[in-house]
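Asker: Below is the sequence, then the predicted model.
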Amino acid sequence: MKADLEASLSASCSSAIQCRDVCRSYGKLRVLSSLNLTVPQGQIYGLLGPSGCGKTTLLKCIVGTLKISRGYISVLGKPPAFPGHEVPGRMVGYMPQDIALYNEFTISDTLWFFGRIHGLSSKETQERMKFLIEFLDLPQKNSLVRNLSGGQRRRVSLGAALLQNPRLLILDEPTVGVDPVLRAKIWQHLVEIVKGGQVSVIITTHYIEEARQANMVGLMRNGRLLAEAKPEAIMKQHNAATLESAFLQLCEDSDQVGSQDSSQGPVRSNSRSPDSLKDECREPILGKEMSTSSDIPKLKADWKVRARHVIPKWRNIAALTIKTMVRMRRNPGSLCFQFLLPVIQICLMCLCIGGDPKGIKVAVVNNETSSSAYSRSLLSFLDNTSIDQVNLSHSAAFEGIRNGEYWGVIEFGENFTSYLTRRMLQPRVSRDIVEGGSVHVWLDLTNRQIGIMLQKKLHEAFQAFVESKMGSQAYLVSVPVKFEEPIYGSQNTTFTTFVTPGAVLSITFYLAVGLTALSFVLERKEGLLDRCWVAGVSSLETMLAHLFSQLLVISVQITLLLLFILLVFKIPNEGSLVLVICLIVLQGVTGISFGLVISSAIDDEQSANQAALGIFYPNLIISGVIWPVECIPYPLRYLSLALPQTYASEALRCIMYRGWGLSRMMVWRGFAVTLGWNTFFLMLATIILKLRT
Ligand SMILES: Nc1ncnc2c1ncn2[C@@H]1O[C@H](COP(=O)(O)OP(=O)(O)OP(=O)(O)O)[C@@H](O)[C@H]1O
């Protein structure tokens, strides 16, 4: 066993890539089955096989974007993603099958981006760019990727893989959609670069004949390698004039073996029994089985470790942040939308929520005829902007309210003035006089806000009327409850004042969730995240770069939000503006980290949108943003208090309206809960990303 291992290790040093007993499944579908492959150092290896046989999956396992189920892979002497190893990183140039380029980038932006990640100097990048544009026959370097043809994009993608002169080139169908002249040129270039013996290439292609220029070919079928040798040797062995006919023969031979097997059991590797798979994958050199061996404790400890470098590289973070900035600049419409949407939302909220209803129609039945009647005087104190009085007869008024034309009926008896005067002046009056001296009101209370407003306006009108009639004696008929100056807030506080802090936090949170989740899911779907990962960017660096660039967007959003709520809508702020800004920024960061959780767990944008939308309403409703938490029934209230925005909204209200600082529990609790959720979401996203890589 130890001898096997040593032999294998020394072989792995002289070969660029070694795969031993590699198995990989997608769910129940076994794609790679006990696959063995060796790419010699300094040679071109053509990996051939029909569509769906597992070539791309194998390349992804080699670069480390996919984990193998069992077996062992060594790339340039170490497993991919081994700590300190530059695969993924500068040593490998990877051209994935998908185009995997940023559409908003120009050709030059693309090469600068990868140049920064690989740590190339400006001079090096410029020199390489000049060479690649000429060699790959690319259009002007300022051409946008989204305006290029499919073939041109593919060539830019190849250029990005060749940029840093890597020691290992992994090219997944680089010649698809490329004209024969350029195809020949690319092969010629590959032959040139391996000549020195330092660079190795593994290339997949559908054009089997072009692989004759490779030093070595591997013919793959159903997740296994049927043959691996020099192209001439394979043709000679099968007495074939072309590589293609040799491959066909190999397939036929494999089918015959398969049909013989099928008389005894299933043929396809996909449908093999667990036992036969165990046989196939027996004695993996450093796979799961070996990890139990006590012979090689040190190696086990080394090779099993898959952790990538933990300390983030500022170079990569800067490259990714610049990338986001360039993409934003190229998408001014989207940038304006990001900046203006929160402002539009908060403006609509301040304008439409919490104000007094206007122009509410109320039927007035006044049975007094005199122009000096108290009823007329009292009605004159009713707020005309809110209440639209319509004088009607008793029957017409009630018919109108029943038909939904009026929100209320106000009726005065014919002796209202005299009865009210007696009621005001005499200490003891009969029930009839009290009844006749009262304003009778019937309301349509299907709309609570309008009902409450009518009641309030009637009370205010009556108070004003009493003061006008009784002057300094008015206190005699006032309600014996006196509301003094409020300790916090003002007498004129509207519902808008209550809602605004929570709304600001919610808007910041949800925009950050949506933008983060969408951008990551799309980047993953287009293969951009994988490509950056292979170039040496870690998940942590990707997250930090997104956080920094998103913080810039959030800063502009918050500045605009605060300008509008404080200066335009005159929402009061008695406390520290610094605390207000800090809390809103932290909520934005919570949104970003929650967006990261969604994007790390979900692969397509539709599901990501559904997840973000799915939590929007429940969270808004039970976070106490639009209605006080105190109204929520108890078991649900505990859930409400645990949510990211409940205590944060309360803290923001305390800062803005009570002028409180961090020494108050209600304020620091909001910050603590927000920070707690930030940490939790970031850890969760990191764990999910690690598990899914
Ligand atoms: N993410 C995935 N989830 C489930 N199945 C997948 C996934 N990716 C690939 N497969 C399946 O794995 C098999 C091998 O796919 P792979 O892309 O490796 O083939 P390929 O040889 O590269 O094909 P082609 O030459 O057409 O690109 C296919 O049956 C494919 O449907």
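Answerer: On my side now, so go ahead.

Asker: Show me the strands in the stretch 101-250 of the chain, by range?
Answerer: For the stretch 101-250 of the chain, strands defined by DSSP state E, counting those that start in this stretch occupy the ranges 168-172, 200-205, 216-221, 224-229.

Asker: Tabulate those in JSON lines, adding columns for distance to the ligand, mean pLDDT and mean neighbour count.
Answerer: Every residue, glycine included, has its C-beta placed from N, CA and C. Converted to JSON lines, those look like this (distance: least, C-beta to the nearest ligand atom, whole Å; pLDDT from 0 to 100; neighbours: other C-beta atoms under 10 Å):
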{"stretch": "strand 168-172", "distance to the ligand": "7", "mean pLDDT": "95", "mean neighbour count": "25"}
{"stretch": "strand 200-205", "distance to the ligand": "7", "mean pLDDT": "94", "mean neighbour count": "25"}
{"stretch": "strand 216-221", "distance to the ligand": "7", "mean pLDDT": "92", "mean neighbour count": "24"}
{"stretch": "strand 224-229", "distance to the ligand": "12", "mean pLDDT": "91", "mean neighbour count": "18"}
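
Asker: Make TSV from those and add distance to residue 143 to it.
Answerer: What follows is the strands of the stretch 101-250 of the chain, written out as TSV (distance: least, C-beta to C-beta, whole Å):
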stretch	distance to residue 143
strand 168-172	23
strand 200-205	26
strand 216-221	35
strand 224-229	40
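
Asker: hey, where'd the helices end up in the stretch 201-350 of the chain?
Answerer: Counting by DSSP state H, counting those that start in this stretch, the stretch 201-350 of the chain has helices at residues 231-237, 243-264, 274-280, 297-304, 314-330, 332-352.

Asker: For residue 492, find the nearest of those helices.
Answerer: Proximity to residue 492, assessed across the helices of the stretch 201-350 of the chain by C-beta to C-beta, is greatest for helix 332-352 (15.0 Å).

Asker: Could you check the closest one and say which residues are buried?
Answerer: For helix 332-352, the buried set under the neighbour-count rule, 16 or more other C-beta atoms under 10 Å, comprises 338, 342-343, 345-347, 349-350.

Asker: Helix 314-330 and that helix, what's the angle between them?
Answerer: 70 degrees (axes from the mean of the first three to the mean of the last three C-alpha atoms, to 10 degrees).

Asker: Show the pLDDT at the nearest residue to residue 176 once chain neighbours are set aside.
Answerer: Using C-beta to C-beta, 6 or more residues apart in numbering and skipping the chain neighbours, the partner closest in space to residue 176 is residue 154 (6.5 Å). With respect to pLDDT, residue 154 has a value of 90.

Asker: which bits of the chain sit near the ligand?
Answerer: Within the chain, the positions adjacent to the ligand are 26, 29, 31, 49, 51-57, 97 by C-beta under 6 Å from any ligand atom.

Asker: Give me the subset of those residues lying in strands.
Answerer: Using DSSP state E to define strands, the subset of these located there is 26, 29, 31.

Asker: Quickly name whichever of these is closest to the ligand.
Answerer: Here the nearest of these to the ligand, counting by C-beta to the nearest ligand atom, is residue 26; it sits at 3.4 Å.

Asker: Okay, and the beta partners of the closest one?
Answerer: In this entry, residue 26 is beta-bridged to residue 29, by DSSP bridges.

Asker: Which of the three states applies to the residue in the stretch 551-693 of the chain positioned nearest to the ligand?
Answerer: The minimum distance from the stretch 551-693 of the chain to the ligand, using C-beta to the nearest ligand atom, falls at residue 603 (8.4 Å). Three-state secondary structure (criterion: DSSP: H, G, I helix; E, B strand; the rest coil) places residue 603 in coil.

Asker: can you tell me which residues contact it?
Answerer: 521, 524-525 (C-beta atoms under 8 Å, 6 or more residues apart in numbering).

Asker: Next: residue 366.
Answerer: Contact analysis of residue 366 by C-beta under 8 Å, 6+ apart lists 373, 375-376, 379, 391, 411-412.

Asker: mind running it again at 6 Å?
Answerer: Residues in contact with residue 366, defined by C-beta atoms under 6 Å, 6 or more residues apart in numbering, are 375, 412.

Asker: Need phi/psi at it.
Answerer: Geometry field for residue 366 lists phi and psi as phi -110, psi 110, criterion degrees, to the nearest 10.

Asker: Local confidence estimate at it?
Answerer: What the model reports for residue 366 is a pLDDT of 97.

Asker: ok, now how distant is it from residue 615?
Answerer: Look at residue 366 and residue 615: by C-beta to C-beta, to the nearest Å, they are 54 Å apart.

Asker: Residue 660 against residue 669, yeah?
Answerer: No - taking C-beta atoms under 6 Å as the definition, residue 660 is not a contact partner of residue 669, at 11.4 Å.

Asker: State the distance from the residue of the stretch 551-693 of the chain closest to the ligand to residue 439.
Answerer: Summarising the geometry, the distance separating residue 603 from residue 439, computed by C-beta to C-beta, is 66 Å.

Asker: Check residue 428 too.
Answerer: Separation of residue 428 from residue 439 (C-beta to C-beta): 22 Å.

Asker: Looking at those two, which is more packed in?
Answerer: Neighbours were counted for residue 428 and for residue 439 using other C-beta atoms under 10 Å; residue 439 has more, 18 against 5.
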